[in-house]
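J.: predicted model, plus sequence, below.
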Amino acid sequence: DAKIVQFGGSALPQEKPDKQIVGGKGLGLQIMSGIGVSVPPGFTLTTPVCQEFQDSGDLSDEMWAAVREAVKRIEKDTGKGYGNPENPLLFSCRSGAAVSMPGMMDTVLNIGLNKETVEGLAKATNNKRFAYDAYRRLLDMFGDVVLGISHEAFERRLEMLKMKKGVRDDTDFSADDLEELCEAYYEVYAENDKSFPEDPFEQLKACVKAVFSSWNADRAIKYREINGIASLLGTACNIQTMVFGNRGETSGTGVAFSRDPGTGENKMKGEYLINAQGEDVVAGIRTPEPIARMKEVLPDAYEQFMSNVDILEKHFKDMQDVEFTVEDGKLWMLQCRSGKRTGQAAFKIAADLVEEGLCTPEEALFKVEPDHVKQVLHPTFSSEALESKEYKDNVVAVGLAGGPGAAIGKLAFTTEDAEARQSEGVILVRENTSPEDVGGMWAANGIVTSRGGVTSHAAVVARGWGKPCVCGCEQLEIDEKSKTMTVKRTGETFTEGDTISVNGNTGEIVRVAIETSSPALDGEFGKVLGWADALSDKCKVMANADSGPDATKAAELGAQGVGLCRTEHMFFAPERLPVVRRWILRGEDLDKVQEFQRTDFREIMAAMDGKPVTIRLLDPPLHEFLPRVQQVDDAMAKELGYSSAAALISDIESMHEENPMLGLRGCRLAIVRPEVATMQAEAIINAAADLIEQNPDAKPFPRIMVPLVGSIPEFVTQAIIIKRTAERIKAERNIDVPYEIGTMIEVPRAALISDQLASVVDPEDGQPLCSFFSFGTNDLTQMTMGISRDDSGAFIPTYLENGILEEDPFKTIDAEGVGWLVRHSSVNGRAASPGLSLSVCGEHGGDPQSIEFFDKVGLDYVSCSPFRVPVARLATGQAAV
Ligand code: ADP
Ligand code: MG
Ligand code: MG
């Protein structure tokens with residue numbers, strides 16, 4: 001039955017071992033024993049047994065009888081007897097859930113030793129020292145792990161004995177010393193009112209129970225909570241014949257990666273310790289030697305090991321992380337699993353595995369994770385730098401990891417300063433940021449804020465631009481007026497121009513310059529993502545890009561067009577802002593605003609050459625561009641064409657809205673101020689015509705998108721203005737510019753009437769007016785769920801904690817609700833207009849889990865910020881497999 005699964009020795013391997021049932025470690029042992037790699041024989045008590053134990057609080061008699069049966073098989077295989085004083089068999093007891101889980105019980109080795117069997121082991125191996133070494137380890141581990149006696153209590157006895165005997169290392173103890181140590185350890189038990197069970201089966205049972213109980217230990221529950229692990233049955237428990245790396249110079253133990261986990265190079269990387277038992281390698285008691293040393297001392301075992309690792313790589317089609325022990329020259333494998341690796345290594349390994357014929361491109365895509373992609377995109381501190389004293393000793397504060405990557409720069413406290421000193425390399429530090437700071441953020445190498453979470457303005461913008469960002473660093477006091485940044489705890493103060501380093505991966509702020517290493521978007525990166533593109537021919541990846549440089553970056557990172565250009569983002573540039581304000585407040589200078597736009601559009605379309613560029617008409621509430629009344633002075637009033645500050649303030653105040661996100665914005669703006677749509681359509685078509693005029697081979701392809709549509713007349717009036725304007729310009733300049741008009745679907749009502757939206761036609765020529773839907777899932781989520789994105793920080797964390805929400809809906813699409821609207825509009829839109837292009841723009845377009853959903857719905861593309869493009873390419877590729 002599935003309660004106990006045997007492995008190694010005479011065990012028949014399972015056909016299809018199930019990781020959920022046998023756990024990760026059990027699976028590795030099963031598979032190794034099935035493909036002819038020698039593992040010490042043993043058996044796995046499966047996760048259903050753990051569940052039974054949780055329910056009843058005990059192991060049933062039948063269960064225990066089955067364990068005794070399983071032990072008999074191993075006794076036969078090994079010719080030893082469990083509890084037999086002549087030739088004792090020993091076990092290890094190892095926990096192992098389906099996902100690796102710190103917080104579970106530690107492994108206990110050498111189970112089965114007692115005052116009698118230890119003598120038997122000494123005789124059988126003719127090595128008393130070894131036997132007592134094993135025994136003292138059991139006494140320590142069992143006391144610590146199973147009975148909760150502190151390990152330090154045992155350590156103290158060990159140190160005392162070392163002093164008494166005048167020895168430095170454990171290895172210097174004689175057999176008699178170790179026997180004496182065991183006696184001292186028995187005293188530790190007595191001091192703690194515990195007793196060591198002499199009966200080997202009692203020992204084993206206590207270990208199994210401890211493993212199963214540890215599943216519900218606080219630290220294990222906490223770990224599952226933090227990592228969102230909900231669906232596991234429990235942990236498995238592996239009982240395995242002990243093999244001994246501590247039997248002398250021809251024994252040892254080690255761990256290895258089949259390839260370099262740092263660089264991905266196809267070269268074994270590992271450590272080996274002669275005459276040692278398992279935990280010695282990790283515990284750092286002695287310094288292990290590189291694995292190559294094993295080749296010299298134990299050539300046969302080394303060769304066997306290399307061949308095993310090769311077999312395992314071929315079987316699992318992936319880089320392996322293995323643990324092994326050599327007993328008297330004979331090699332035993334104890335564990336294998338896919339190895340953790342850096343981003344750089346992930347790409348190299350994926351590409352190499354295909355090259356070497358070990359796996360297909362489809363399979364290789366799954367060797368790369370979104371985090372790997374992110375790591376490769378940004379400059380980072382090298383692992384040596386992170387380990388260095390210089391780094392560790394100079395961390396002055398830790399905030400939240402707001403945007404990945406690393407940066408060095410001189411402190412700038414205002415947007416103006418950051419822009420003025422951009423060439424020196426600056427870090428912009430602010431209490432928090434607002435849209436007015438985007439110029440400074442763009443100019444800065446990195447951004448630090450003392451307030452706001454990972455979805456705050458600073459963090460969202462930083463991630464979009466690929467800028468390292470530490471946000472919400474409350475340990476810092478940031479004062480814009482005095483231009484100082486103070487570490488609250490120590491009072492250490494930094495001023496303008498001081499150099500710091502920022503680690504956006506960890507949230508650390510360092511008081512000195514730490515060297516960064518640049519991303520290598522070299523061969524493997526492009527190769528693997530190229531496979532993803534080829535596989536995902538259905539769902540493409542486009543980028544949100546607001547400027548020429550943005551679009552260039554996006555194209556470099558593989559975007560197949562611009563899915564969202566927020567035309568107004570560039571209004572904040574210092575030379576533009578006063579002009580924009582004059583237009584908003586006084587209706588003047590519209591021609592100048594148009595000129596900025598035309599320049600931007602030209603640059604963006606040139607960067608995307610031949611690929612579609614989707615431009616959203618003006619969307620945000622206009623007062624976002626106005627100064628705060630506190631900032632107004634006479635000079636500003638004059639610049640904006642007012643006779644007095646009071647007059648300007650009065651105009652600003654008249655534009656105040658109680659609920660701007662549901663106020664005068666989106667297409668409502670252009671309906672109230674019709675000059676907007678005309679001006680923007682002119683700028684777009686003129687920009688495209690300019691490019692064609694400069695170069696007849698240029699292929700600009702603008703797509704004009706109307707935001708915040710909720711009704712048919714809203715869309716139709718806008719679409720007609722755009723179309724008439726475009727046709728007029730084309731005729732005037734006698735240049736043919738291909739273009740499309742479409743709508744965003746972001747107001748729930750638009751989703752509900754999507755069939756009508758898709759089928760509206762131009763009353764003059766009967767041609768369809770709407771070529772595409774693009775789901776603005778940020779607003780759609782906000783309005784469907786009735787949750788303000790900017791205020792959700794006050795309750796979403798609590799919702800997540802209490803399981804009221806499973807995911808932040810602004811990060812991962814709410815498939816049931818908001819997703820239903822997306823699906824509904826897609827189906828109805830396509831039914832009404834089969835050629836309708838469907839897409840999503842907004843944060844969800846870069847989220848792998850959401851992309852899987854969008855791919856299922858059948859969207860033509862997702863659009864996300866340039867630095868998310870590679871992640872999205874990977875995700876669309878994976879979704880297509
Ligand atoms: P972890 O999950 O912490 O890696 P393991 O169960 O792999 O714990 O055990 C830790 C180490 O103990 C192993 O790497 C190995 O060196 C040693 N070990 C475990 N079982 C045995 C065994 N049957 N024989 C020899 N050494 C063992
Ligand atoms: Mg292990
Ligand atoms: Mg919107």
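T.: On my side now, so go ahead. Ligands and ions are numbered 1, 2, ... in the order given.
J.: could you report the pLDDT at Asp417?
T.: Here, the pLDDT recorded for Asp417 equals 94.
J.: likewise for Gly284?
T.: 55.
J.: swap in Asp522?
T.: Reading off the confidence values, Asp522 has pLDDT 60.
J.: same check on the one 5 residues further on?
T.: The pLDDT attached to Lys527 in the predicted structure is 93.
J.: need the contact list for Asp77.
T.: 8-10, 41 (C-beta atoms under 8 Å, 6 or more residues apart in numbering). Yep, even glycine has a C-beta here, placed from its N, CA and C like the rest.
J.: actually Ala880, sorry about that
T.: Applying C-beta under 8 Å, 6+ apart, the residues near Ala880 are 535-539, 855.
J.: which one of the residues you listed is nearest to Val208?
T.: The shortest approach to Val208 among the contacts of Ala880 belongs to Asp855, at 44.6 Å (C-beta to C-beta).
J.: isn't that closest one up against Thr876?
T.: Yes - with contacts counted by C-beta atoms under 8 Å, Asp855 reaches Thr876, the gap being 6.3 Å.
J.: overlap in contacts of those two?
T.: Common contact partners of Asp855 and Thr876 (C-beta under 8 Å, 6+ apart): 536, 539.
J.: domains for the protein, by residue range?
T.: Following automatic domain parsing, the chain resolves into domains at 69-241, 252-338, 379-517, 539-621+657-880.
J.: low-confidence ranges in the stretch 251-400 of the chain?
T.: In the prediction, the stretch 251-400 of the chain carries residues with pLDDT under 70 at positions 279-286.
J.: and it, which residues reach ligand 1?
T.: 253, 278-279, 323, 325, 334-335 (C-beta under 6 Å from any ligand atom).
J.: biggest separation within the residues you listed, which pair?
T.: Farthest pair in these (C-beta to C-beta) is Glu279 and Gln335. Separation: 13.2 Å.
J.: give me the more crowded residue out of those two.
T.: Between Glu279 and Gln335, counting by other C-beta atoms under 10 Å, Gln335 is the more crowded of the two (20 against 14).
J.: wait, isn't the more buried one in contact with Glu323?
T.: Yes - between Gln335 and Glu323 there is a contact under C-beta under 8 Å: 4.1 Å.
J.: next, the residue in the stretch 351-500 of the chain that ligand 3 sits nearest to: secondary structure please.
T.: Residue of the stretch 351-500 of the chain nearest ligand 3, by C-beta to the ion: Val460 (13.8 Å). Look at Val460: counting by DSSP: H, G, I helix; E, B strand; the rest coil, its state is helix.
J.: the residue in the stretch 551-700 of the chain that ligand 2 sits nearest to: what's its closest spatial neighbour, skipping adjacent residues?
T.: Evaluated by C-beta to the ion, the stretch 551-700 of the chain has Leu557 as its residue closest to ligand 2, separated by 38.2 Å. Nearest residue to Leu557, sequence neighbours excluded (C-beta to C-beta, 6 or more residues apart in numbering): Val869, at 4.4 Å.
J.: what strand or helix carries Phe810?
T.: For Phe810, there is no helix or strand it lies in under DSSP states H and E.
J.: I'd guessed it sits against Ser850; true?
T.: No - Phe810 is not in contact with Ser850 according to C-beta under 8 Å; the separation is 10.5 Å.
J.: the two: who's more crowded?
T.: More crowded of Phe810 and Ser850, by other C-beta under 10 Å: Ser850, with 27 against 22.
J.: look at Thr455 and report its pLDDT.
T.: Thr455 carries a pLDDT value of 68.
J.: actually Asn432, not the one I typed
T.: Here the pLDDT value assigned to Asn432 is 88.
J.: that one and Val871, how far apart?
T.: Asn432 sits 26 Å away from Val871, going by C-beta to C-beta, to the nearest Å.
J.: looking at those two, which has the bigger crowd around it?
T.: Of the pair Asn432 and Val871, Val871 is the one with more neighbours under other C-beta under 10 Å, namely 25 against 15.
J.: ok, the more buried one to Ser774 distance?
T.: Here Val871 is placed at a distance of 20 Å from Ser774 (C-beta to C-beta).
J.: so where does Trp332 fall, helix or strand?
T.: strand 330-338.
J.: pull the CA atoms of whichever helix or strand comes after that strand into PDB?
T.: For strand 330-338, the succeeding helix or strand toward the C-terminus, using DSSP H and E, is helix 343-355. Extracted C-alpha coordinates of helix 343-355, given in PDB (Å, rounded to 0.1, in the frame of the first residue of the first chain):
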ATOM      1  CA  GLY A 343      19.700  34.300 -12.800                       C
ATOM      2  CA  GLN A 344      22.800  34.200 -14.900                       C
ATOM      3  CA  ALA A 345      23.200  30.500 -14.200                       C
ATOM      4  CA  ALA A 346      19.600  29.700 -15.000                       C
ATOM      5  CA  PHE A 347      19.900  31.100 -18.500                       C
ATOM      6  CA  LYS A 348      23.200  29.500 -19.200                       C
ATOM      7  CA  ILE A 349      22.000  26.100 -17.900                       C
ATOM      8  CA  ALA A 350      18.800  26.200 -19.900                       C
ATOM      9  CA  ALA A 351      20.600  27.100 -23.100                       C
ATOM     10  CA  ASP A 352      23.300  24.400 -22.400                       C
ATOM     11  CA  LEU A 353      20.800  21.700 -21.600                       C
ATOM     12  CA  VAL A 354      19.200  22.200 -25.000                       C
ATOM     13  CA  GLU A 355      22.600  22.400 -26.800                       C
END
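J.: before we move on, back to that, reformat the contacts of Ala880 as JSON lines; add pLDDT, neighbour count and secondary structure.
T.: As requested, these are arranged in JSON lines below (pLDDT from 0 to 100; neighbours: other C-beta atoms under 10 Å; DSSP: H, G, I helix; E, B strand; the rest coil):
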{"residue": "Leu535", "pLDDT": "91", "neighbour count": "18", "secondary structure": "helix"}
{"residue": "Ser536", "pLDDT": "85", "neighbour count": "24", "secondary structure": "coil"}
{"residue": "Asp537", "pLDDT": "75", "neighbour count": "9", "secondary structure": "coil"}
{"residue": "Lys538", "pLDDT": "81", "neighbour count": "13", "secondary structure": "coil"}
{"residue": "Cys539", "pLDDT": "87", "neighbour count": "24", "secondary structure": "coil"}
{"residue": "Asp855", "pLDDT": "91", "neighbour count": "19", "secondary structure": "helix"}
